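>>> no sequence for this one, just the structure:
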């Protein structure tokens, strides 16, 4: 190693060490403020200066660290790329600082004024957006200088490398595994925080996490083995079933098994808490974990769609575009083409699902939901996601001998979720009636008639339109699960038929002997 390389290595690793040190000491000082029973015991001006100084140190050395990467890799950056590097690294590190400070002080120090607390809250949310934007600006500095496909792991023998697990005999760590674990840890801390906000105590879901996460992995493996039995496991050594390190997980079964095991475990550990309320609070966060996990597909260059024009996706960061030119199943895309980055599309859909379930139905429309509805909403949302995403995938990544395993189960999830929501409401209304309790949701006869009309119209429209499309258009010839009118009709027909189950709710209220209703708080 020459002197220049040694100097560059010193710059890179020294700046990283100083970043970690500054951030660590910042955590120490902010923790004292956050835990203090009163702010009067602090010299807030002095503490503010410490926070500004440590944050500035972290931000400054993040820029030096970014420059160190350029020097170590000997990238020849253009003027615009240097601009991206400076702006991106400073903005990314500043966003990290703002997020940590606002999160820690907003949730753990209750002695700030209401106005300042709101500033902290909106700063926390805004920092998530700015972090995403600045991080991808940062990657623009390096994107055209990297080798593609990107390394998908660390091999102890080769360092950063395209780790071929099935043929490698040396230990390795894949980015796919790290994405899954990172998503799970993020969701654990988010869930722990949600429980703290509601019940005032940390650690309530710790043991549940230790049980539900591995149960979800086992469930995901089990679903994959069953779905791909004929393709990968029939006639082979049965021990292949257990070789999860060779790849092969399906989130459909993993999510459901993880939820069931987690709910049962939590109920056993906390018999005094309504497990359905807790499940409704925490289950939507699984969608965020799944969004994290999809970035593993990005590094593995898998679970993508067909070839599409790169120009139509030019709004994406270059690092995503360049990586999407490569497929682990089909090699390089044609000139000017990329493989459709479905990992990103599904990740965005999962994040949107989290906000719809956790905030729209969990807060805004909470008076219309019953305990357990949000969990069933997760089943519907992810089933619907799989229903419409599976046909867009390259057929090499579809499960089952006919490629329809996940697609069929996605449709089933949507239908069963709708049916169980109706059952959930009906059973709870019957129990309340038998216990001589008022219904939790107040409806007049007029509103029930309106609901019957709306549900009937939507269900009939879906069923009739779906039946017509299914009958009038021929089935697909090349792929069983293509998004063609025949299959769209089948989906509409099934969902429409299940939707009729929702009629049982207003009909029961109309014909059962009702008691005075109260508004749900």
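Cool, the structure landed. Note that the structure is a prediction, hence the values are computed from the model and not measured.
>>> Now do the same for the spatially closest residue to residue 199 that is not a sequence neighbour: helix, strand or coil?
Leaving aside its sequence neighbours, residue 199 sits nearest to residue 273 (CB to CB, 6 or more residues apart in numbering; 7.6 Å). C-betas here are computed from N, CA, C, even on glycine. Assigned state for residue 273: coil (three-state reduction, DSSP: H, G, I helix; E, B strand; the rest coil).
>>> how much space between residue 273 and residue 401?
According to CB to CB, to the nearest Å, residue 273 and residue 401 sit 44 Å apart.
>>> swap in residue 66?
Taken as CB to CB, the span from residue 66 to residue 401 is 49 Å.
>>> can you check residue 127 too?
48 Å.
>>> what's the answer for residue 463, then?
On the measure of CB to CB, residue 463 and residue 401 end up 30 Å apart.
>>> Neighbour count: the two, which is higher?
The residue with more neighbours, out of residue 463 and residue 401, is residue 463; 19 against 11, by other CB atoms under 10 Å.
>>> Show me what counts as buried in the helix or strand harbouring that one.
Assigned by DSSP states H and E, residue 463 belongs to helix 445-472. For helix 445-472, a neighbour-count test (16 or more other CB atoms under 10 Å) marks 448, 451, 452, 455, 459, 462, 463, 466, 467, 469, 470 as buried.
>>> counting contacts, what elements does it pack onto?
With contacts defined as 3 or more CB pairs under 8 Å, 6 or more residues apart in numbering; DSSP states H and E, helix 445-472 has these neighbours: helix 485-499, helix 504-511.
>>> Out of those, flag the one nearest residue 436.
helix 504-511 (16.1 Å; CB to CB).
>>> re earlier: please work out which of the helices and strands packed on helix 445-472 is packed deepest.
By mean neighbour count, with neighbours taken as mean count of other CB atoms under 10 Å, helix 485-499 ranks first of these at a mean of 20.
>>> hang on, the earlier thing: rank the helices and strands packed on helix 445-472 by pLDDT, which is bottom?
Across the helices and strands packed on helix 445-472, helix 504-511 has the smallest mean pLDDT, namely a mean of 86.
>>> Measure how that helix sits relative to helix 445-472, angle-wise.
Helix 504-511 runs at 140 degrees relative to helix 445-472, counting by axes from the mean of the first three to the mean of the last three CA atoms, to 10 degrees.
>>> Pull the distance from the helix or strand where residue 85 lies to the chain's centre.
Under the criterion of DSSP H and E, residue 85 resides in helix 79-108. Centroid separation for helix 79-108 versus its chain: 22 Å, with CA atoms, centre = their mean, to the nearest Å.
>>> which helices and strands does that helix pack with?
By 3+ CB pairs under 8 Å, 6+ apart, helix 79-108 packs against helix 3-35, helix 44-73, helix 114-142, helix 175-199.
>>> any weak-confidence spans in the protein?
The model of the chain has pLDDT under 70 over residues 1, 164-171, 245-247, 438-442, 513-521.
>>> Show me how it divides into domains.
Following automatic domain parsing, one gets these domains for the chain: 3-145, 172-409+424-431, 438-521.
>>> Regarding the second one, how distant is the last residue from the first?
So that's domain 172-409+424-431. 55 Å (CA to CA, to the nearest Å).
>>> And the first one, by the same measure?
According to CA to CA, domain 3-145 extends 24 Å from its N-terminal end residue to its C-terminal end residue.
>>> pretty sure residue 204 contacts residue 188?
No. In terms of CB atoms under 8 Å, residue 204 does not count as a neighbour of residue 188; the distance is 11.4 Å.
>>> just checking, residue 235 is part of a strand?
No. Assessed with three-state DSSP, residue 235 is coil; it does not lie in a strand.
>>> ok, now which ones touch it?
Residues counted as contacts of residue 235 (CB atoms under 8 Å, 6 or more residues apart in numbering): none.
>>> what residue lies at the spatial centre of this structure?
residue 288 (2.2 Å; CA atoms, centre = their mean).
>>> Now that one. Nearest residue, chain neighbours left out?
Here the residue nearest residue 288, using CB to CB, 6+ apart, is residue 354, at 5.4 Å.
>>> Pull the number of nearby residues for the one you found.
23.
>>> measure it to residue 282 for me?
Distance from residue 354 to residue 282, by CB to CB: 11 Å.
>>> And residue 154, by the same measure?
32 Å.
>>> Which one of these two is surrounded by more residues?
Comparing residue 154 with residue 282 by other CB under 10 Å, the one with more neighbours is residue 282, at 27 against 16.
>>> what's near enough to touch that one?
Residue 282 neighbours (CB under 8 Å, 6+ apart): 191, 194, 195, 205.
>>> Secondary structure element holding it?
helix 275-282.
>>> Between helix 175-199 and that helix, find me the angle.
Orientation of helix 275-282 against helix 175-199 (the same axes, to 10 degrees) gives an angle of 120 degrees.
>>> In helix 275-282, which residues are buried?
Neighbour count says helix 275-282 has 275, 276, 278, 279, 280, 281, 282 buried, by 16+ other CB under 10 Å.
>>> And stretch 108-128, by the same measure?
Those would be 109, 117, 120, 123, 124, 127, for stretch 108-128 by 16+ other CB under 10 Å.
>>> thinking again about what came up before, what's the offset of the helix holding residue 282 from the middle of its chain?
That offset, for helix 275-282, works out to 18 Å (CA atoms, centre = their mean).
>>> SS state for residue 163?
Applying three-state DSSP: residue 163 is coil.
>>> quick one, what contacts it?
151, 152, 153, 154, 155, 172, 174.
>>> Buried members of the contacts of residue 282 into ChimeraX, please.
A single ChimeraX command selects the buried members of those (16+ other CB under 10 Å):
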select :191,194,195,205
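>>> contacts for stretch 107-122?
Taking CB under 8 Å, 6+ apart as the rule, stretch 107-122 contacts 33-36, 38-39, 101-102, 105-106, 193, 196-197.
>>> go on, stretch 286-298?
In this structure, residues lying in contact with stretch 286-298 by CB under 8 Å, 6+ apart are 174-180, 182-184, 186-187, 190, 251, 255, 258-259, 303-304, 320, 323, 341, 343-344, 346-348, 350-351, 353-354, 357, 378, 381-382.
>>> Make a ChimeraX selection of the buried ones in these.
Buried subset of the contacts of stretch 286-298, written as a ChimeraX selection, criterion 16+ other CB under 10 Å:
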select :174,175,176,177,178,179,180,182,183,184,187,251,255,258,259,303,304,320,323,341,343,344,346,347,350,353,354,357,378,381,382
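>>> what's the spacing between residue 351 and residue 286?
12 Å.
>>> what's the answer for residue 72, then?
Taking CB to CB, one finds residue 72 at 38 Å from residue 286.
>>> Nice, that's everything, thank you.
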